[in-house]
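> The sequence and its predicted three-dimensional model are supplied below.
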Amino acid sequence: MAIIIDQDTRVVVQGMTGNQGSFHTGQMVKYGTNVVAGTSPTKAGQDHEGIPVFASVREAVLERGANASIVFVPAAFAKDAAFEAIDAGCKVVVMIPEHIPVQDSILIVEYARFRGAKVVGPNTYGLISPGKAKMGIMPNHIYAPGPVGLVARSGTLSYEIAAALTDAGLGQSTAIGMGGDPVVGQVFNDVLHQFEKDPETKACVLVGEIGGSAEEEAAEFIKTMSKPVVAYLAGRAAPPGKRMGHAGAIIERGRGTLESKRKALEAAGVTVVEMPWEVAPAVKKLLG
Amino acid sequence: MAIIIDQDTRVVVQGMTGNQGSFHTGQMVKYGTNVVAGTSPTKAGQDHEGIPVFASVREAVLERGANASIVFVPAAFAKDAAFEAIDAGCKVVVMIPEHIPVQDSILIVEYARFRGAKVVGPNTYGLISPGKAKMGIMPNHIYAPGPVGLVARSGTLSYEIAAALTDAGLGQSTAIGMGGDPVVGQVFNDVLHQFEKDPETKACVLVGEIGGSAEEEAAEFIKTMSKPVVAYLAGRAAPPGKRMGHAGAIIERGRGTLESKRKALEAAGVTVVEMPWEVAPAVKKLLG
Amino acid sequence: MKLYEYLAKGRLKAHGIPVPPGVLCRTPDEVAKALEEICPAAVKAQVLVGGRGRAGGIKFAQDPEEGRKVASEILGMNLKGYTVEQVYVEGKIDVEREFYVSVTVDRNARKPLVMASSHGGVEIEDVEDKYIVRRHVDEAFGMQGYLARDIAAEMGLEGDVAKQVAVILQKLYEVFRTEDAELVEINPLVVSGGKVIAADARLNIDDAALFRHKDLPSVAEGTELELKVKEIGLAFVQLDGDIAVMANGAGMAMATLDALQHFGGKPANFLDAGGGASVEPTAQAMGVLVSMQPKAIFVNIFGGITRCDDVANAIVQVKNTQGIPVPLVVRLVGTNEQQGVEILRREGIEAFREMSEAARKAVELAGEVR
Amino acid sequence: MKLYEYLAKGRLKAHGIPVPPGVLCRTPDEVAKALEEICPAAVKAQVLVGGRGRAGGIKFAQDPEEGRKVASEILGMNLKGYTVEQVYVEGKIDVEREFYVSVTVDRNARKPLVMASSHGGVEIEDVEDKYIVRRHVDEAFGMQGYLARDIAAEMGLEGDVAKQVAVILQKLYEVFRTEDAELVEINPLVVSGGKVIAADARLNIDDAALFRHKDLPSVAEGTELELKVKEIGLAFVQLDGDIAVMANGAGMAMATLDALQHFGGKPANFLDAGGGASVEPTAQAMGVLVSMQPKAIFVNIFGGITRCDDVANAIVQVKNTQGIPVPLVVRLVGTNEQQGVEILRREGIEAFREMSEAARKAVELAGEVR
């Protein structure tokens, strides 16, 4: 078990023949992901490293049974790509691009809800169910199968923590990037719901940051969870009104402060650690 | 039991203080329907025959716990009214008006799907679960509680058949008007699914007519049903290309003929009778 | 409401879909003048009937004089019951390929349906299914670029033609949405000199949405009598039988025609007197039936919202003013049934309870029992 | 991107929302001329900082001469770090009531959020929750009339004012949608002589959507250094500490600042060198850090897509050209770690494996250990 993707996931890569798409398709295949097709507006009908390239996701679904898509097209075309994947019947759509207009993201998330699909991202590094499948751009070697469900807003910070978990002998059921944008398809809440139901997951790690109130919302659900949760929150040194890289990481009008998040999570029984290197030891302690 | 509405349905009447709204509110109350509120753009804050009038459906939901709405506003405002009811949380919205633009109806049905509500109509006489609740404009006296699920496109024809059923001692679990427009919220298929699951319903009557292919679609589901179905189809004397009153009742480009409907239904095991007065005897025979 | 070809094309053009140059003309002189600009040209009768070409409603002209000549042949001619009052002079284009594209409402899916085919130029009903591309649109979310590109590709188009068709499909959908169309169809959509152009177009506007399109000229369709009854606000269709019919409710009216036919009769019309019509419109409708001079009149009422006494009073009113000089059969049950039956009895009219008996009687009186 | 007041109001006006008459001016003469038409008027500095009024950036004028006088006071003044180059001359209006209305993105609901209050004229944060109406819009389906009417009613408005506010709310939502706004706010929305008018407005456009709004003038916000690093294409924020920081990934960069602070240090900046930046931009970014003349530089890299050897090479390049005249601490793990560590060692730079040790060391070298 794992959440959202596993060995039965059949991936189509939208924008497979571009620089990024091409490189990461190779990495995903190397990891063992079942990449069944790619799309390209110009190279349809060809093969790309042994994977058939189609003009549309629909063809990839009809001819190759694709059921999940990962999107590598430029931000301006990302909405069209996401709608295409959802309309074609993909139930998981991973949106790698950053700088997607927020109102496009709102519409993508609404459309996914309307058609019963899950969108991960945008501006995410993707997700990985170690040993089963990877849809994303994360390094392959830092993950290992195991009992920890990891959900983060941010990429590299999440790799840091995943690597530390793995080093400590704590593998992951699924590690998922929520994405650094203000509006994303899967928020902490959605992901924790799924981890709670997943028999393989024994503990959860939440890597949050300033901005928004997804952490506070998650705290409400965590109160009802049976599994322990460890959280690290980035951005205590960030001044208000400044965007810390992510479009979503900004303290605006007094909202989205670290303090409010920490309080909410602690009230829900979460072990909130101060520094990233404290995550793995805390999980170890909780899992006994 | 019954489908869609019953004694727990709390009705708000949109456009309650107009001519039609006012008269039929009286009739619904007389039937025992739990009409908890009405709306009116001009008479909010007043009482109308003992029922509180609000400016918005939202207030009716918040203050009176309304969970279903019946709409009596003019066609040009019907889309706004339906969206209001759905957004306010009503799970059943009965659209009485005719001459609603078809693209408005498409959007109403999409919005209902998006928000998990059921729309009956537009251009319907409504629905009644005899002895429990009535949301519609049908005469009160012709119905009786019993085992027959009745679904029709057309009003008066359905009354004719309901009265004949009642006279023959065959009461109804629920009688529902699909509506005479090309695009409606509940089609035969949807309704039959619910009748199949309803323990009170022992047999179904389908009253169809020329135009569209809702009857053919229904036939596909009927093949899988455990309960017997009797159908009467109106319009064998109708010439192609002419709208027979209902916007939906038209044979266009060779589609929507009676013959195709009859064939599909008979192939699904339906007893298709020739004349309306043959419906009640056929049901009697099937129910033994 | 169906729009004339020139109006339909005007709407397409306004949304950026390429159409041939064209001018609407009302006289042979105007046509000759138009041909000074647009030449050679097709001179096309503007009527709402199919098969204009075969019926002589479309002719070609190589110069102004020929234009004047063919225009005088077409203008004023009777085309399947309609007098031609306007012609559309349109530049003739060389046709390399013919496609079909349309957007309409799929009532089962309850979504807009885009249909397209590379086999255009014939009625879509005559095209084999495997050559027709069918795709739905989620209306609230609109038609996205990928869908237009997909459809063009599935039509088997490539390169620049595929791109042009994809753009036209998106604009066509825009026409469908903003014009409240029931159907917008380009057939054929042609390739001419590498450009994709709408050579013929149909645009039917949803009658119920006309209140949003007050700028559109009203185009009436129907026989004289149908238009007259439409004015009263009732649904009426003229048929070719001899028993005039009134019933309340569309389904009931259809069932009434079916019942007459069942017993060997031939209905002269469809008339839905409405679910709750009062005395006056009912009397007006009765008046129309009488004026049709049928062999018999059959009134079939199941009173729900409609009150039987209202119907009876309407009948009596017509009897005592206009007169009802043909056999009349009335079936009257439901709300206020007793009062209605009594009112009729006083005037010597017997009311039936059973629809079957009444229908049989009407056919018998019309002298048509099989 | 935040728009100047005059641009924001121009957009509102284009969508049919009433605004006071106004003219943009660049000189005292232009202001005097404007006052011949618009009088009395407010002369308002066009800068992107709050609290203009209290800082002397808004003054009133009763005639052209006074206009010239106050304009020469405001134009050229330094307002919270920004030089005033333009003023907006706007007709003074009598204010009877002040409301607040806005549309923004609710990131939790993932929907547009309409906020409104009859308690306008102050920052919405200072308004009690019970006086704020909050309603979401399903974006694909748009804002319907009922919602606008509901909101006006929940604000406690009645009659004609309620109607005007409802209309303005629908137009405000239109602005939000068509302009790709992150925030559109009218505060105060005033009643003046029975008419509802937008007295002040904010319109922030989503940077990511600017490619759809090429007609908008670019309004740059940030310090000189921030704008310079933005040109390289990296995310950079200037802070008031003395340890310059580079990390890869936004979350990692934040965590790096947190770690420095944890050990008693003060970060001088936020810099996300990107998830997979190559040698050149990394070197450019390092160059910027050096130019800041910090007490120490801390580079914290977890190599995933980023390759440690690339980072090492960038550091060496800067060391050998620009020079690195301050203590440098590098933490380097992940992809091609060994190569990277070796490259640095050859240049006498020690690389740390543990983020905690490295952060502590950087703080120590900056002489700030607590």
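Received it, and whenever you're ready, just let me know what you need. Numbers count the residues shown, from 1 in each chain, chains lettered A, B, ... in the order given.

> Look at the closest residue to chain B within the stretch 251-370 of chain C and give its secondary structure.
At 2.3 Å from chain B, C:Gly251 is the closest residue in the stretch 251-370 of chain C, using CB to the nearest CB. (Each C-beta comes from the backbone N, C-alpha and C, glycine too.) Counting by DSSP: H, G, I helix; E, B strand; the rest coil, the backbone at C:Gly251 sits in helix.

> Just the pLDDT for it.
Looking at C:Gly251, its pLDDT reads 94.

> Nearest spatial neighbour of it, chain-adjacent residues omitted?
B:Ser154 (2.3 Å; CB to CB, 6 or more residues apart in numbering or on different chains).

> In contact with the one you found, which residues?
B:Gly177, B:Gly180, B:Val207, B:Glu209, B:Ala234, B:His246, C:Gly249, C:Ala250, C:Gly251, C:Met252, C:Met254 (CB atoms under 8 Å, 6 or more residues apart in numbering or on different chains).

> next one: C:Asp206
Residues counted as contacts of C:Asp206 (CB under 8 Å, 6+ apart) are B:Pro101, B:Val102, B:Gln103, C:Asp180, C:Ala181, C:Glu182.

> same check, this time on C:Val133
C:Val114, C:Met115, C:Ala116, C:Ser117, C:Ile151, C:Glu154, C:Met155 are the contacts of C:Val133 under CB under 8 Å, 6+ apart.

> mind checking how far A:Phe126 is from A:Val71?
One correction, residue A:126 is Gly, not Phe. Relative to A:Val71, A:Gly126 is positioned 10 Å away (CB to CB, to the nearest Å).

> For the two, list the residues in contact with both.
Counting by CB under 8 Å, 6+ apart, the shared contacts of A:Gly126 and A:Val71 are A:Val94, A:Ile96.

> between these two, which one's more packed in?
A:Val71 (29 against 23; other CB atoms under 10 Å in any protein chain shown).

> The more buried one: what's it in contact with?
A:Gln14, A:Gly15, A:Ala78, A:Ala81, A:Ala82, A:Ala85, A:Val93, A:Val94, A:Met95, A:Ile96, A:Pro97.

> Can you give me the neighbour number for residue 170?
Went with chain A since none was named. A count of neighbours around A:Leu170, defined by other CB under 10 Å, yields 23.

> Can you look at chain C instead?
By other CB under 10 Å, 18 other residues sit near C:Gln170.

> same deal with C:Ala199?
For C:Ala199, the count of nearby residues is 22 (other CB under 10 Å).

> Same list (the contacts of B:Ser154) but as CSV, adding neighbour count.
Formatted as CSV, the contacts of B:Ser154 follow (neighbours: other CB atoms under 10 Å in any protein chain shown):
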residue, neighbour count
B:Gly177, 31
B:Gly180, 28
B:Val207, 28
B:Glu209, 32
B:Ala234, 29
B:His246, 26
C:Gly249, 31
C:Ala250, 31
C:Gly251, 32
C:Met252, 28
C:Met254, 29
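
> now the closest residue to chain A within the stretch 151-300 of chain C, what's its secondary structure?
Chain A sits closest to C:Ala153 of the stretch 151-300 of chain C, with a gap of 5.5 Å, by CB to the nearest CB. Three-state assignment for C:Ala153 (three-state DSSP): helix.

> Grab the nearest non-local neighbour of it.
Per CB to CB, 6+ apart, closest to C:Ala153 is A:Ala55, 5.5 Å.

> May I have the phi/psi pair for that neighbour?
Main-chain torsions, A:Ala55, degrees, to the nearest 10: phi -80, psi -20.

> residues near it, how many?
Residues lying near A:Ala55 (other CB under 10 Å) number 20.

> Could you do C:Val184 as well?
C:Val184, neighbours per other CB under 10 Å, totals 27.

> That one: which element?
C:Val184 is part of strand C:181-192, with elements assigned from DSSP states H and E.

> what does the domain assignment say about the chain?
If you meant another chain, say so; for now it's chain A. Listed by automatic domain parsing, the domain ranges of chain A are A:11-120, A:126-287.

> Not quite, go with chain C.
As given by automatic domain parsing, the domain ranges for chain C are C:21-91, C:97-212, C:224-369.

> From one end of the second one to the other, what's the distance?
Its start and end residues considered, domain C:97-212 measures 36 Å (CA to CA, to the nearest Å).

> Show the average pLDDT along that domain.
Mean pLDDT, computed over domain C:97-212, is 96.

> need the strands for the stretch 51-200 of chain A, in chain order.
Here the stretch 51-200 of chain A has its strands, by DSSP state E, counting those that start in this stretch, at A:51-54, A:68-71, A:92-95, A:118-120, A:126-129, A:133-136, A:145-152, A:172-177.

> and these as JSON lines, adding mean pLDDT?
Below are these laid out as JSON lines (pLDDT from 0 to 100):
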{"stretch": "strand A:51-54", "mean pLDDT": "97"}
{"stretch": "strand A:68-71", "mean pLDDT": "98"}
{"stretch": "strand A:92-95", "mean pLDDT": "98"}
{"stretch": "strand A:118-120", "mean pLDDT": "98"}
{"stretch": "strand A:126-129", "mean pLDDT": "98"}
{"stretch": "strand A:133-136", "mean pLDDT": "97"}
{"stretch": "strand A:145-152", "mean pLDDT": "98"}
{"stretch": "strand A:172-177", "mean pLDDT": "98"}
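
> so residue 282 is in which element?
Using chain A here. Using DSSP H and E, A:Ala282 maps to helix A:279-286.

> my bad, chain C
Using DSSP H and E, C:Thr282 sits in helix C:279-291.

> wait, the residue of the stretch 251-370 of chain C closest to chain B sits on B:Gly208?
No - with contact defined as CB atoms under 8 Å, C:Gly251 does not reach B:Gly208; the gap is 9.2 Å.

> Need the overlap of contacts for these two.
Counting by CB under 8 Å, 6+ apart, the residues touching both C:Gly251 and B:Gly208 are B:Ala152, B:Arg153, B:Ala234.

> my guess is the last one contacts B:Leu157, does it?
Yes - taking CB under 8 Å as the definition, B:Ala234 is a contact partner of B:Leu157 at 6.2 Å.

> Please enumerate the shared neighbours of those two.
Both B:Ala234 and B:Leu157 are in contact with B:Val207, B:Pro276, C:Gly251, C:Met254, C:Ala255, where contact means CB under 8 Å, 6+ apart.

> Please name the residues that touch the residue nearest to the last one when sequence neighbours are not counted.
In this structure, C:Ala255 finds its nearest non-sequential neighbour in B:Ala234, 4.5 Å apart by CB to CB, 6+ apart. Remark: with contacts taken as CB under 8 Å, 6+ apart, B:Ala234 is in contact with B:Ser154, B:Leu157, B:Val207, B:Gly208, B:Glu209, B:Ile210, B:Pro276, C:Gly251, C:Met254, C:Ala255, C:Asp258.

> and what of A:Gly32?
Applying CB under 8 Å, 6+ apart to A:Gly32 gives the contacts A:Gly131, A:Lys132, A:Ala133, A:Lys134.

> Over to A:Met95?
By CB under 8 Å, 6+ apart, the contact set of A:Met95 is A:Val71, A:Ala78, A:Ala82, A:Ile108, A:Val119, A:Val120, A:Gly121, A:Pro122, A:Asn123, A:Thr124, A:Gly179, A:Gly185.

> Which one of the residues in the stretch 1-150 of chain C is closest to chain A?
The stretch 1-150 of chain C approaches chain A most closely through C:Tyr146 (3.8 Å), counting by CB to the nearest CB.

> Tell me how far A:His141 lies from chain B.
According to CB to the nearest CB, to the nearest Å, A:His141 and chain B sit 43 Å apart.

> distance of that residue from D:Gly304?
From A:His141 to D:Gly304 the distance is 10 Å (CB to CB).

> Those two: who's more crowded?
Set A:His141 next to D:Gly304 and count neighbours by other CB under 10 Å: D:Gly304 wins out with 27 against 12.
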